[in-house]
Structures are given as C-alpha cells and as structure tokens.
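Engineer: Need coordinates for the below:
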Amino acid sequence: MSMTPRDMVVLAGRALTGTEDWAKPLARALGAHHPNGPRESIDPRSVSRWRTGVMEVLPWALEALPLILRERAGVLDEEIARLEERADEMSEAAIEIERELEELQEPPEPPEPRP
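Structural biologist: Just a heads-up that it's a prediction; the model follows:
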C-alpha cells in the first residue's frame with residue numbers, strides 16, 4: 001500500500017521532531033525550500049491543513065521532504081560524532097581521576113626503622 005501525500009507529510013514531521021508537535025518546525029524547514037526563494041518559514045497553517053487533509057500538499061513541498069530529512073540526518077550524524085568524542089574524553093578523565101583517588105587511598109608505607 002502506498003502512502004498518500006498526507007501520510008508523507010505526517011511521517012516527515014514526526015521524523016523531523018520526534019514528537020507530535022511538528023507542524024511549525026516542518027513549516028520552518030520548508031521555508032528554505034520555497035520555490036520562490038528561501039524564507040524563514042511557510043505558513044504553519046498550511047502544514048496543519050495538509051496534516052488534516054483539508055488542503056492538498058503542494059508538489060514542491062513533497063519534493064522537499066526527503067531533502068529536509070537528509071539534511072537533518074546529516075546534522076544529527078555530526079552531533080553524534082561530536083558527542084561520542086566528548087564521551088571518550090569524559091571516560092578518559094574519569095579513569096584518570098579514579099587512578100588518582102586509588103593512589104590517595106592507598107595506605108602510606110610505614111617509615112623505615114631508624115638505625
């Protein structure tokens with residue numbers, strides 16, 4: 001069974017935000033792909049109307065959906081790489097701190113007997 005344009009908009013909106021509150025973020029993302037030139041956003045009411053099926057999804061918007069999702073996926077991939085690097089740095093720092101703490105907790109060596 002193939003998806004309707006409405007289904008595609010819903011799927012893209014959910015994928016973009018991970019929530020059910022996606023109409024405004026999708027409208028902002030679509031603004032950059034407007035056929036008459038980039039803009040901050042398209043009217044979020046249009047996206048809401050597409051969502052409910054009251055209005056047909058414009059062809060240019062359907063074509064922009066995969067582009068928007070790929071762009072966002074690229075941004076998330078970069079963020080994942082940055083976070084993984086930071087996690088590695090934190091793990092290394094934790095290991096170093098644990099070593100230092102172990103050294104502090106070791107009992108001091110008894111003093112050597114005096115002759």
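Engineer: Centre-most residue in this structure?
Structural biologist: residue 76 (4.5 Å; CA atoms, centre = their mean).
Engineer: give me the element it is part of.
Structural biologist: Using DSSP states H and E, residue 76 falls within helix 59-105.
Engineer: go on, residue 7?
Structural biologist: According to DSSP H and E, residue 7 maps onto helix 5-17.
Engineer: Now do the helix or strand just after that helix: distance to the chain's middle.
Structural biologist: Following helix 5-17 in sequence order, the next helix or strand is helix 23-31 (DSSP H and E). Here helix 23-31 is found 15 Å from its chain centre; the criterion is CA atoms, centre = their mean, to the nearest Å.
Engineer: Stretch 17-28 spans what distance, first to last residue?
Structural biologist: Stretch 17-28 has an end-to-end distance of 12 Å (criterion: CA to CA, to the nearest Å).
Engineer: which residues touch that stretch?
Structural biologist: For stretch 17-28, contacts defined as CB atoms under 8 Å, 6 or more residues apart in numbering pick out 9, 12-14, 16, 40-44, 46-48, 51, 68. C-beta: built from backbone N, CA, C; applies to glycine.
Engineer: Now with 10 Å, please.
Structural biologist: Contact with stretch 17-28 is made by 9-10, 12-16, 29, 39-52, 61, 64-65, 68, 72, as judged by CB atoms under 10 Å, 6 or more residues apart in numbering.
Engineer: buried ones in it?
Structural biologist: Buried residues in stretch 17-28, counted by 16 or more other CB atoms under 10 Å: 17, 22, 23, 25, 26, 27, 28.
Engineer: out of the contacts of stretch 17-28, which are buried?
Structural biologist: Buried by 16+ other CB under 10 Å: 9-10, 12-13, 16, 29, 41-42, 46-47, 50-51, 61, 64-65, 68, 72, out of those.
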